[in-house]
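>>> Only the shape, not the letters, is given here:
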């Protein structure tokens, strides 16, 4: 953590984190209600992916606000792109006719999708922006 930002920035960040965690339960309750009505498991899967991605974006703000736009190509292509492709594979395979890998579903469960979403969001911000 950079000490030049002061404690106020980190307190505001912590309040935002608490709000994000609080609204997570409401978001998942809404998606579970939609699942109960339509019986589509894609909604719960998509909710977990979106939450992980947004949480990763928010986690990247811990280092500071994005300053100037400078693309870090190795981080983008070596970390973000594979994580993002692994993240969207279950949704893509349910809507687009692509090869279904049975091993994928044994390796990746819902909790792992959260971490791939977290890494995707975090590395997306870190690959496109530098911090102040």
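Now that the structure is in, tell me what you want to look at. Source: prediction; values computed, not measured.
>>> residue nearest the centroid of the protein?
residue 53 (1.2 Å; C-alpha atoms, centre = their mean).
>>> Quick check: next helix or strand after the helix or strand bottoming out on mean pLDDT in the chain?
Least confident helix or strand of the chain, by mean pLDDT, DSSP states H and E, is helix 102-107 with a mean of 67. Using DSSP states H and E, the helix or strand that directly follows helix 102-107 along the chain is helix 110-128.
>>> Does anything pack onto that next one? Which helices or strands?
helix 41-60, strand 66-69, helix 73-75, helix 81-95 (3 or more C-beta pairs under 8 Å, 6 or more residues apart in numbering; DSSP states H and E). Glycine gets a C-beta too; all of them are placed from N, C-alpha and C.
>>> 7 Å - rerun?
helix 41-60, helix 73-75, helix 81-95 (3 or more C-beta pairs under 7 Å, 6 or more residues apart in numbering; DSSP states H and E).
>>> Which residues does that helix contact?
Here helix 110-128 makes contact (C-beta atoms under 7 Å, 6 or more residues apart in numbering) with 48-49, 51-57, 59-60, 66, 69, 71-72, 75-76, 79-80, 83-84, 86-87.
>>> buried stuff in that helix?
113-114, 116-127 (16 or more other C-beta atoms under 10 Å).
>>> Save those as JSON lines, and put in pLDDT and distance to residue 94 too.
Output for the buried residues of helix 110-128, formatted as JSON lines (pLDDT from 0 to 100; distance: C-beta to C-beta, whole Å):
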{"residue": "113", "pLDDT": "82", "distance to residue 94": "13"}
{"residue": "114", "pLDDT": "84", "distance to residue 94": "18"}
{"residue": "116", "pLDDT": "89", "distance to residue 94": "17"}
{"residue": "117", "pLDDT": "90", "distance to residue 94": "17"}
{"residue": "118", "pLDDT": "92", "distance to residue 94": "22"}
{"residue": "119", "pLDDT": "93", "distance to residue 94": "22"}
{"residue": "120", "pLDDT": "94", "distance to residue 94": "19"}
{"residue": "121", "pLDDT": "93", "distance to residue 94": "22"}
{"residue": "122", "pLDDT": "93", "distance to residue 94": "26"}
{"residue": "123", "pLDDT": "94", "distance to residue 94": "25"}
{"residue": "124", "pLDDT": "92", "distance to residue 94": "23"}
{"residue": "125", "pLDDT": "91", "distance to residue 94": "28"}
{"residue": "126", "pLDDT": "90", "distance to residue 94": "30"}
{"residue": "127", "pLDDT": "92", "distance to residue 94": "28"}
